[in-house]
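In: Okay, predicted coordinates and the sequence, questions at the end:
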Amino acid sequence: MNKSDLRKIYLQKRLSLSQVEWKSKSHEIVEHLKISELVRSSQTILSYCSFRQEPDLSELLTLPKIWGLPRCVDQSLFWHVAGNLRSGKFGIQEPDPDSPQINVSEVDLILVPCVMCDRKGYRLGYGGGFYDRLFSQPEWREKKAIGILFDFAVVDEFAIDEWDQPLNAICTESGLYSQLNH
Ligand SMILES: Nc1nc2c(c(=O)[nH]1)N(C=O)[C@@H](CNc1ccc(C(=O)N[C@@H](CCC(=O)O)C(=O)O)cc1)CN2
Ligand SMILES: Nc1ncnc2c1ncn2[C@@H]1O[C@H](COP(=O)(O)OP(=O)(O)OP(=O)(O)O)[C@@H](O)[C@H]1O
């Protein structure tokens, strides 16, 4: 199956979760992340604003860290300190462009939203290539990244492209998995 068909199927599955399931599974993901060494040892963490029933990490953003959120500017992601939000491209909540920018050198960890991924940590997103382009840059490629998604969206394997970079770990409601054996 091609990426576009997989994307449709998994987005549909996610949207079919009830609000109660979505909230409780999101809460479990937040609890796994809170106690993880990767999060505990990080000072500056990049996250995202939940869109189309992506796992909601807003509870995690109450931890005393520097939290960054993405803003789509043309084909790139700009990262700003989480503060006032506004509706941006695609209707996703984005940080205010006046909020301080986060430089790549400060980033300790990236929480990456996934439509689906495989057990090696290869991910599928919305198809904009934003994270793929980000991780194609050498200074970003070395950053620790955790894919965030629900259990039903983790598969054994799917057809990947040459630009896809594997994540260091994935976190679902059943746990944080960092032994991905790429
Ligand atoms: N919460 C969240 N924020 C995020 C991302 C994300 O995956 N999740 N992104 C991660 O990259 C960026 C936004 N990327 C997006 C890329 C495409 C579409 C989108 O709606 N695409 C159309 C199809 C467009 C086309 O055909 O080219 C669609 O799905 O209908 C939405 C967001 C930055 N912010
Ligand atoms: N390193 C790159 N340089 C230039 N273009 C790229 C790169 N990586 C991906 N792209 C472009 O982005 C498009 C989308 O890629 P893909 O379907 O893998 O996105 P995705 O991983 O689902 O999206 P996202 O990264 O936004 O979550 C591809 O068609 C490709 O043209």
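Out: It's in. Ligands and ions are numbered 1, 2, ... in the order given.
In: I'd like to check which residues are in contact with the closest residue to E59 other than its chain neighbours.
Out: Using C-beta to C-beta, 6 or more residues apart in numbering and skipping residues adjacent in sequence, the residue nearest E59 is V30, 4.7 Å away. Where C-beta positions appear, they are placed from N, C-alpha and C, glycine not excepted. Residues near V30 by C-beta atoms under 8 Å, 6 or more residues apart in numbering: 57, 59-60.
In: Confirm V30 sits in a helix?
Out: Yes: the assignment for V30 by DSSP: H, G, I helix; E, B strand; the rest coil puts it in a helix.
In: Look up how far E54 lies from the most centrally placed residue in the chain.
Out: Among the residues of the chain, V112 comes closest to the average C-alpha position under C-alpha atoms, centre = their mean, at 1.8 Å. Separation of V112 from E54 (C-beta to C-beta, to the nearest Å) stands at 11 Å.
In: cool, L176 as well?
Out: The spacing between L176 and E54, counted by C-beta to C-beta, is 17 Å.
In: if you count what's nearby, which of the two comes out ahead?
Out: A direct count of neighbours by other C-beta atoms under 10 Å for L176 and E54 places E54 higher, at 21 against 17.
In: Am I right that that one is in contact with P113?
Out: Yes: E54 is within contact range of P113, at 4.9 Å (criterion: C-beta atoms under 8 Å).
In: got any residues that touch both of the two?
Out: 48, 148-149.
In: Let me have those in JSON lines, adding pLDDT as columns.
Out: Listed next are the shared contacts of E54 and P113 as JSON lines, based on pLDDT from 0 to 100:
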{"residue": "Y48", "pLDDT": "98"}
{"residue": "I148", "pLDDT": "98"}
{"residue": "L149", "pLDDT": "98"}
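In: Which ones among the residues you listed also lie next to ligand 1?
Out: Filtering those for neighbours of ligand 1 using C-beta under 6 Å from any ligand atom leaves Y48.
In: follow-up on the earlier one: pull the contacting residues for the residue nearest to the centre of the chain.
Out: Contact analysis of V112 by C-beta under 8 Å, 6+ apart lists 48, 123, 131, 145-148, 167.
In: Can you report how many residues lie near the closest residue to ligand 1 within the chain?
Out: Taking C-beta to the nearest ligand atom as the measure, the point where the chain comes nearest ligand 1 is G128, at 3.0 Å. G128 has 13 neighbouring residues, counting by other C-beta under 10 Å.
In: Which secondary structure state does it sit in?
Out: G128 is classified as coil under three-state DSSP.
In: With adjacent residues omitted, what lies nearest to it?
Out: Nearest to G128 is C72, by C-beta to C-beta, 6+ apart, at 7.6 Å.
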